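S.K.: Can you look at this prediction? I've put the sequence above it.
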Amino acid sequence: MGAATRLLAALLAVPAMAFGAELVKLDRAPIDETDLISLQRGARTFVNYCLNCHSAGYMRYGRLQDLGLNEAQIRDNLIFTEAKIGDLMRVAMDPKEGKEWFGVAPPDLSVIARSNASPAGSGADWLYTYMRSFYRDSTRPMGWNNAVFPNVGMPHVLYQLQGEQALTTAERATWGGRKEKVQRLVVEKPGSMTPPEYDRMVADLVNFLVYVGEPAKRSRIALGIYVLMFLGGLFVLAYALKKEYWKDVH
């Protein structure tokens, strides 16, 4: 093998090795985009805990009516600013200030559930695991770290609900009698919610973020089914017409 060939092989291997090192086992998010109650609860969590820093700049408050809410319910329960029902779900935080406070400007979450997909799992799986993987870390500026996103700049805004976790290391026996070290997250200070309750709340939040990524998804799928049915009927008629025209041609 020549030097040029070896160099090319090495360059091709580097991205694969780097990608493999970032691969994290993600928990499956229990997403159900037809569950309107779950989506309503997720919207409530989003505007109470996320919209303070993160915007959903491609989503309008008015689209929340698709979740079974009326304008009065949206204004009274989900809008805490001077925003109107037809306005985009934006925050007043200056990106420069956000970068100064957190080290990076908080990203817009409009398509976050679609942009984090990887071979390890979907974007929803990533978000579901990420929001349950914060732990205390005194070396970080905000005092928090994340097992899915190491050295993240975001603090754990839901810690009062989940509690405070610690990242612990333990040994376990493997095949052949060898031992390997594994890391686990352990709740050291319980929050106001039990683990199942917190997981359910995070699932509702992720469910809502999946909806925000494509609010018209259900309508698109329903319309697609009707279009396919129409094309199927049109094909039958076109085939019958063709048979009629060509029945005397030998």
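M.R.: Done, it's in. All values derive from a computational prediction rather than experimental measurement.
S.K.: So what's the model's average confidence on the longest helix seen in the chain?
M.R.: Longest helix in the chain by number of residues (criterion: DSSP state H): helix 217-245. Mean per-residue pLDDT for helix 217-245: 89.
S.K.: likewise stretch 68-81?
M.R.: 93.
S.K.: just to revisit the earlier point, going by neighbour count, which residues of the longest helix of the chain are buried?
M.R.: When neighbours are counted by 16 or more other Cβ atoms under 10 Å, no buried residue of helix 217-245 is found. For the C-beta atoms, the positions are set from N, CA and C on the backbone; glycine is no exception.
S.K.: Now do the domain split for this protein, please.
M.R.: 13-213, 216-250 (automatic domain parsing).
S.K.: just those: most buried one?
M.R.: Sort the domains of the chain by mean neighbour count, taking mean count of other Cβ atoms under 10 Å, and domain 13-213 sits at the top with a mean of 16.
S.K.: Could you give the separation of that one from the chain centroid?
M.R.: Counting by Cα atoms, centre = their mean, to the nearest Å, domain 13-213 is centred 7 Å from the centre of its parent chain.
S.K.: Tell me which stretches of this structure form strands.
M.R.: Secondary structure of the chain, counting by DSSP state E: strands at 56-60, 88-89, 134-136, 144-146, 163-173, 179-190.
S.K.: Would you tell me which of the ones you listed gets closest to residue 222?
M.R.: Closest to residue 222 of those is strand 56-60 (Cβ to Cβ; 20.5 Å).
S.K.: Is the closest residue in space to residue 152 that isn't next to it in sequence bridged to anything, and to what?
M.R.: Nearest residue to residue 152, sequence neighbours excluded (Cβ to Cβ, 6 or more residues apart in numbering): residue 146, at 4.6 Å. Beta-bridge pairing for residue 146 (DSSP bridges): residue 134.
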